[in-house]
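1. structure here, sequence nowhere to be found:
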Ligand code: HEM
């Protein structure tokens, strides 16, 4: 009887305890400004996710200032810290602020135990192991592969053009293929696009990045709420798990194969294996790296390193089509370089600093990263009580700090947030204007690398940032030098949405149900 009573009442006690903790957190920040609650059951989050980029977050920042509160389902409060000093505090105190439990559980389900879902000492060790694969020397070594892939893309689009004057291409799909091969052929000596099987890895990754829970139905919302309260339930059968299992099986096969080959060979068929190389070197030096560990890192890197870069490059091309004068100025800089040096820019030219640098390309790159950050926000959860210092006092409170309780979720808005805050970037913060990077002190204005939070900040700052920058500049210079991009008259209105794996992706306005697409008209220069 006692056992029966315990078994039936334990879940109820657990739910009451969780709700009590929530009420305490809510009370702590309940007098903060923020949008009126649209629904006590669903909170603000579902509507927020459906809104096109550039709408809701911006309105809230204008109305409530940089620090305010919004709500997840069942009134779970989320503290939005769009204050640069507060954001730095949160991102740089990794012992206090962890990635939220639900994020880590989902990442673990998708990839296994990797750098993306680890914390503390475990995270620091995993990070130390990966860092050498992504340093500048390593990226220089693999840059010829990145150039080859960019020329391959150029040739493919040239073929599509044929004898015609112009052609409309969905650039988002092509760029996805480029970025997947870029990471797999340089870090794992494997071409993902060449190995398209029945469960194509490219399609699987795309499924995950587009969001397994796709449709906004009441059933999916309830499932999200229950899983959010108890991430362990992700272990039960669910559509996300089905995809994750497929992804891990397919990528796992590749990862195991490349791990075996990579630990013996350095260079495989014109490809490289920088990650495998650094992991196996350390393994031989006595650092404990199991095959399962290596496989999880490989899957995680393929995911984190492909769709992010593809999306940012897609948005760059769209902006160039939207602002032809910026496209032309960039092209002219590249043509002038070629005329002066008798060759197109090499990797060294693209990464040069000081007088030697390609000044406008650098400015366009930084402005793209600032305005087109692929992550809407970075989430953290306080593990202990803490006080977050703020630069701008909270509206109506006149205090330049905020006290948070353990378990408090914090959202640091990046896109439409700190990266485009008028208090940091001036009244035209929302405008894509590369020239702002010629102004003195531009790179020190905000928190994070180069004054922007696109790659995060602190110990969890993006490990692949230099690699991503190299890919971006190589593709941008090869394509802009060769093609002119313009808006496709029939489908020129593109909206960007926060989708799937937390990244921003394009959809044609009025044809949203057709999924992620970015059609652009392309002509030879
Ligand atoms: C433009 C492209 C990219 C953007 C905007 C981007 C953005 C980010 C951001 C904001 C974070 C920090 C997340 C957090 O603090 O919770 C991050 C982490 C990470 N990124 Fe990237 N990323 C890009 C490209 C890449 C590439 C090319 C790779 C790998 C080749 C990569 C691998 C990772 C990994 C492994 C982490 C986790 C780092 C850690 O936890 O220590 N990313 N990225």
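-> Nice, I can see it. Values in this document were obtained by computation on a predicted structure and should not be read as measured data. Numbers count the residues shown, from 1 in each chain.
2. how about the residues of the stretch 101-250 of the chain by the ligand?
-> Proximity of the stretch 101-250 of the chain to the ligand (Cβ under 6 Å from any ligand atom) is limited to residues 115-116, 127, 183. To be clear about C-beta, it is placed using only N, CA and C from the backbone, and glycine gets the same treatment.
3. just the ones of those in strands?
-> Residues of these located in strands (DSSP state E): none.
4. show me which pair in these is furthest apart.
-> Pairwise distances across those (Cβ to Cβ) peak at 17.5 Å, for the pair 127 and 183.
5. in terms of neighbours, single out the busier of these two.
-> Remark: of residue 127 and residue 183, residue 183 carries more neighbours, 27 against 15, as counted by other Cβ atoms under 10 Å.
6. the residue nearest to that one when sequence neighbours are not counted: neighbour count?
-> In space, and not counting its chain neighbours, residue 183 is closest to residue 305: 4.1 Å by Cβ to Cβ, 6 or more residues apart in numbering. Counted by other Cβ under 10 Å, the residues lying close to residue 305 total 25.
7. is it true that residue 305 touches residue 467?
-> Yes. Here residue 305 reaches residue 467: they are 7.0 Å apart, a contact under Cβ atoms under 8 Å.
8. joint contacts of those two?
-> Common neighbours of residue 305 and residue 467, counting by Cβ atoms under 8 Å, 6 or more residues apart in numbering, are residue 183.
9. what ranges do the strands span in the stretch 401-525 of the chain?
-> Ranges of strands in the stretch 401-525 of the chain, per DSSP state E, counting those that start in this stretch, are 401-404, 409-413, 483-487, 494-499, 503-508, 519-524.
10. mind listing what's buried along the second one?
-> Of the residues in strand 409-413, those scored as buried under the neighbour-count criterion (16 or more other Cβ atoms under 10 Å) are 409-413.
11. kindly report the same for the first one.
-> Buried residues in strand 401-404, counted by 16+ other Cβ under 10 Å: 402, 404.
12. quickly run through the sheet partners of it, with directions.
-> Strand 401-404 has the following sheet partners, assigned by DSSP bridges: strand 386-389 (antiparallel).
13. can you give me the helices for the stretch 151-300 of the chain?
-> 171-187, 201-210, 218-229, 239-262, 274-284, 291-304 (DSSP state H, counting those that start in this stretch).
14. just the angle between the last one and helix 239-262, please?
-> In this case it means helix 291-304. Inter-element angle recorded for helix 291-304 and helix 239-262: 110 degrees (by axes from the mean of the first three to the mean of the last three Cα atoms, to 10 degrees).
15. avg pLDDT for helix 291-304?
-> The average of the pLDDT scores along helix 291-304 is 84.
16. next: the fifth one.
-> Mean pLDDT, helix 274-284: 80.
17. now the closest residue to the ligand within the chain. Nearest residue, chain neighbours left out?
-> Using Cβ to the nearest ligand atom, the single residue of the chain nearest to the ligand is residue 464, 2.2 Å away. Spatially, and ignoring its direct neighbours in sequence, residue 464 is nearest to residue 305 (5.0 Å; Cβ to Cβ, 6+ apart).
18. measure the one you found to residue 516 for me?
-> As judged by Cβ to Cβ, to the nearest Å, residue 305 and residue 516 stand 18 Å apart.
19. next: residue 41.
-> Noted for residue 41: a distance of 29 Å to residue 516, by Cβ to Cβ.
20. more neighbours: which of these two?
-> Set side by side, residue 41 and residue 516 show more neighbours around residue 516, with 22 against 13, by other Cβ under 10 Å.
21. for that one, report the pLDDT, please.
-> On pLDDT, residue 516 comes in at 87.
22. isn't residue 314 right up against residue 173?
-> No. Assessed by Cβ under 8 Å, residue 314 is found out of contact with residue 173, at 9.4 Å.
23. neighbour-wise, which of the two wins?
-> Using other Cβ under 10 Å as the criterion, residue 314 and residue 173 rank with residue 314 on top: 29 against 15.
24. residues touching the more buried one, list them.
-> By Cβ under 8 Å, 6+ apart, residue 314 lies in contact with 171-172, 175, 506, 518.
25. a markdown table for these, including distance to residue 74 and neighbour count?
-> Below are the contacts of residue 314 laid out as a markdown table (distance: Cβ to Cβ, whole Å; neighbours: other Cβ atoms under 10 Å):
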| residue | distance to residue 74 | neighbour count |
| --- | --- | --- |
| 171 | 41 | 26 |
| 172 | 36 | 26 |
| 175 | 39 | 25 |
| 506 | 32 | 21 |
| 518 | 36 | 26 |
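26. nearest to residue 152 among the residues you listed?
-> Nearest to residue 152 among the contacts of residue 314, with distances taken as Cβ to Cβ, is residue 175, at 12.5 Å.
27. quick check, that closest one in contact with residue 313.
-> Yes. Counting by Cβ under 8 Å, residue 313 is a contact partner of residue 175 at 4.9 Å.
28. tell me, what's touching the two both at once?
-> With Cβ under 8 Å, 6+ apart as the test, residue 175 and residue 313 both reach residue 475.
29. quick one on the thing from earlier: just checking, which of the residues of the stretch 101-250 of the chain next to the ligand belong to helices?
-> Among those, DSSP state H puts 127, 183 in helices.
30. let me know the closest of the residues of the stretch 101-250 of the chain next to the ligand to residue 78.
-> Distance to residue 78 across those (Cβ to Cβ) is lowest for residue 116, with 21.0 Å.
31. so which residues on the stretch 251-400 of the chain come close to the ligand?
-> Residues of the stretch 251-400 of the chain lying close to the ligand (Cβ under 6 Å from any ligand atom) are 300-301, 304-305, 308-309, 312, 374-375, 378.
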